[in-house]
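>>> For reference, the sequence and a predicted model appear below.
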Amino acid sequence: MYFPISPFCVIFLSIFATENPKSMAAEQPTYTEAYNELQEIVKKMEKADVSVDELTQNIERASLLIKICKEKLCKTEEEVNKIIAQEN
């Protein structure tokens, strides 16, 4: 499944993808759940529909969601590469 990423999201990813969140939830959301929640956060920020008080919480949550998505994408890429290597 392909998920387009907005230009704002690309900038956001480049800034926060390397951040190390303090702790991750015991039960991680699926990639789709994390991606959808991240998109909602981005939409709120693009609309300026976030108070200053919420901004820090949203950025921390977005950083965690980015980390989750990045890990899941990397894991999937590794699995696909293993499958391709086995076929060769």
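It's in.

>>> How far away from the center of its chain is the helix or strand hosting Lys82?
Taking DSSP states H and E as the criterion, Lys82 maps to helix 52-87. Centroid separation for helix 52-87 versus its chain: 5 Å, with CA atoms, centre = their mean, to the nearest Å.

>>> Report the buried residues of that helix.
58-59, 62-69, 72 (16 or more other CB atoms under 10 Å). Every C-beta, even on glycine, is put in place using the N, C-alpha and C of the backbone.

>>> Name the nearest of those residues relative to Ile84.
In terms of CB to CB, no member of these lies closer to Ile84 than Lys72, at 18.7 Å.

>>> Excluding chain neighbours, what is closest to that closest one?
Sequence neighbours aside, Tyr31 is the residue nearest to Lys72 in space, at 4.4 Å (criterion: CB to CB, 6 or more residues apart in numbering).

>>> what's near enough to touch the one you found?
68-69, 72-73 (CB atoms under 8 Å, 6 or more residues apart in numbering).

>>> Show me the shaky parts of the protein.
Flagging of the chain using pLDDT under 70 yields the residue ranges 1-26.

>>> Need the residue closest to the centroid of it.
Ile66 (2.4 Å; CA atoms, centre = their mean).
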